[in-house]
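Peer 1: Model the following, please.
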Amino acid sequence: MKQKSVIKALFVVAVLLFAAGCKKTEKGNEVTPTVGASAGLQPTQPGTLTDTDGKEAQMLRTLVEAGKLPPLSERLPTADNIMTETSGTAGVYGESAKLAAISADTITRELVSEGLFRYDADGTIAPNIAKGYEVNIDFTTYIIYLREGMRWSDGVPFTSDDCIFFYEHMCQKQTFGESLWECFLAYKSDGTAVPAVFTKIDNYSFRVTFSSSKPDFLEKLLAQGGICFAPEHYHVNLLPEYMGEDAALAKAKDMGYANTAEMLRAAVQNAWNIAGIPTLNPFCLSTEEEAKDVNGNYYEFIRNPYYWKVDAQGKQLPYLDKLEFTRISGEEQSLLLTTEGYLSVGSLTAGQIEEAEAEKERGGYRLVSWSNSLYWAVDNKLKNFRETYSHEVTVRGLGAAHAECWYFE
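Peer 2: Model prediction:
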């Protein structure tokens, strides 16, 4: 049976437009801040846990029935902490998308990476992994609220400790080879940079304090992908400060890296492209030997059984079981795979449209164009694809935590 497609996520930089001294939750409410208080944080249409029939993919239901995976109610956050995506119509569980990519470094990040926050339709900062935030009137103190009951892809709870660990042990100590990110720095009147201070409030909230006003903190954090967390339980088995220099080097060699620095850089900058690293993303890189090498000719991303978003009907996302990537060398190879019907969605340049149009009946796909002059060849049999832009960022079959992305629905 023919299946088709290449994927290329598109995102557009949005403008930060939030008011001074506000609290933002999933309802988008702005109120006078009460720093440290969690009252009023409510999700948008929390998911239903009382009836899980039909609310998860069959591949996960099979694992539950075999006793290899906890039931859905134990894998999602608590009922009032589940994130519900409401735009679009319900999708269909079980499809696999065949894609093509020149490099996994960019396309997989754009498709599957999730950040603490994202841009809303009006350009304001909106909750995502984080449930909400508060900021005081002079932008020196932010309180970040997380989702109670949320778990990493290996089932370990995700808490504020993972955020503080990332900042203190990986960012401040420049563990992965980069200077402390600009988003974490405030400046004195003489230009001296002063790092932020992270303080744990409880398991699901933490405080970020700056020495002077930092109104663009969340905007600059989003410029880094919104990443302010790492699985502490995993990374303590990589960091030399915990396991010693010799053991860390041995671990790096075992993972195929030349040295410890190379391993640690990859484990942060391209964590989603390393098999076995727990994630909060909708898909995890396969751990199967024949499908886990993103530098090889073929690799797969499999649905995350602990993914924390549901659709308007309470069905756990994503809809797709997996993403199957074929490595290509250039745009012409992408066109060939598209016209031959090997891909589910193929990205096309303007110069390729005429040839793609001529071959669409033979290839079994339809052409889709959008106002930004991008063109796609979509498999006629693919159900989980929405042919319109969405200002509201959603992760349906697949997606990314960026504004103005196209996605499988």
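Peer 1: Could you measure from Lys322 over to Glu331?
Peer 2: 25 Å (C-beta to C-beta, to the nearest Å). Using the backbone N, CA and C atoms, a C-beta is placed for each residue, glycine as well.
Peer 1: So for those two, which residue has more residues nearby?
Peer 2: Lys322 (20 against 15; other C-beta atoms under 10 Å).
Peer 1: That one: what's it in contact with?
Peer 2: By C-beta atoms under 8 Å, 6 or more residues apart in numbering, Lys322 lies in contact with Ser96, Ala97, Phe283, Ser286, Glu300, Phe301, Ile302, Arg303.
Peer 1: Which stretches in the stretch 151-300 of the chain count as strands?
Peer 2: Under the criterion DSSP state E, counting those that start in this stretch, the stretch 151-300 of the chain contains strands at 185-187, 193-195, 197-202, 205-209, 283-285, 298-303.
Peer 1: Return the most buried member of the ones you listed.
Peer 2: Among these, strand 283-285 has the highest mean neighbour count (mean count of other C-beta atoms under 10 Å), at a mean of 25.
Peer 1: Residues contacting that strand, please?
Peer 2: Applying C-beta under 8 Å, 6+ apart, the set of residues contacting strand 283-285 is 111-112, 153, 272-275, 292, 294, 299-304, 318, 322-323, 398.
Peer 1: What of stretch 200-214?
Peer 2: 35-36, 38, 131, 138-148, 157, 159-161, 163-164, 186-188, 194, 196-199, 217.
Peer 1: returning to that earlier point: quick one: which of the contacts of Lys322 is nearest to Glu182?
Peer 2: Using C-beta to C-beta, Phe283 comes nearest to Glu182 of the contacts of Lys322, at 29.4 Å.
Peer 1: On the pLDDT front, check the closest one for me.
Peer 2: Here the pLDDT value assigned to Phe283 is 92.
Peer 1: Leaving out sequence neighbours, find the closest residue to it.
Peer 2: Nearest non-adjacent residue to Phe283, counting by C-beta to C-beta, 6 or more residues apart in numbering: Phe301, 3.8 Å away.
Peer 1: My read is that the one you found contacts Ser113, right?
Peer 2: No. In terms of C-beta atoms under 8 Å, Phe301 does not count as a neighbour of Ser113; the distance is 11.4 Å.
Peer 1: The stretch 251-400 of the chain: helices as residue ranges?
Peer 2: Using DSSP state H, counting those that start in this stretch, the helices of the stretch 251-400 of the chain run over 260-269, 331-339, 353-363.
Peer 1: so which of these gets nearest Ser347?
Peer 2: That would be helix 331-339 among the helices of the stretch 251-400 of the chain, by C-beta to C-beta, at 6.5 Å.
Peer 1: Please find the angle between the direction vectors of that closest one and helix 353-363.
Peer 2: Going by axes from the mean of the first three to the mean of the last three C-alpha atoms, to 10 degrees, helix 331-339 is angled at 30 degrees with respect to helix 353-363.
Peer 1: in helix 331-339, what's buried?
Peer 2: Ser334, Leu335, Leu336, Leu337, Thr338, Thr339 (16 or more other C-beta atoms under 10 Å).
Peer 1: now do stretch 302-315
Peer 2: Buried residues in stretch 302-315 (16+ other C-beta under 10 Å): Ile302, Arg303, Asn304, Pro305, Tyr306, Tyr307, Trp308, Lys309, Val310, Asp311, Gly314, Lys315.
Peer 1: and the gap between the residue lying closest to the fifth one once chain neighbours are set aside and Pro282?
Peer 2: Leaving out its chain neighbours, the residue that sits closest to Tyr306 by C-beta to C-beta, 6+ apart is Arg151, at 4.4 Å. According to C-beta to C-beta, Arg151 stands 14 Å off from Pro282.
Peer 1: Pick out whichever of these two has more residues nearby.
Peer 2: Applying other C-beta under 10 Å to Arg151 and Pro282 shows that Pro282 carries more neighbours, namely 29 against 23.
Peer 1: gap between the residue nearest to the more buried one when sequence neighbours are not counted and Glu355?
Peer 2: Nearest non-adjacent residue to Pro282, counting by C-beta to C-beta, 6+ apart: Pro318, 4.5 Å away. Between Pro318 and Glu355 the computed distance is 32 Å (C-beta to C-beta).
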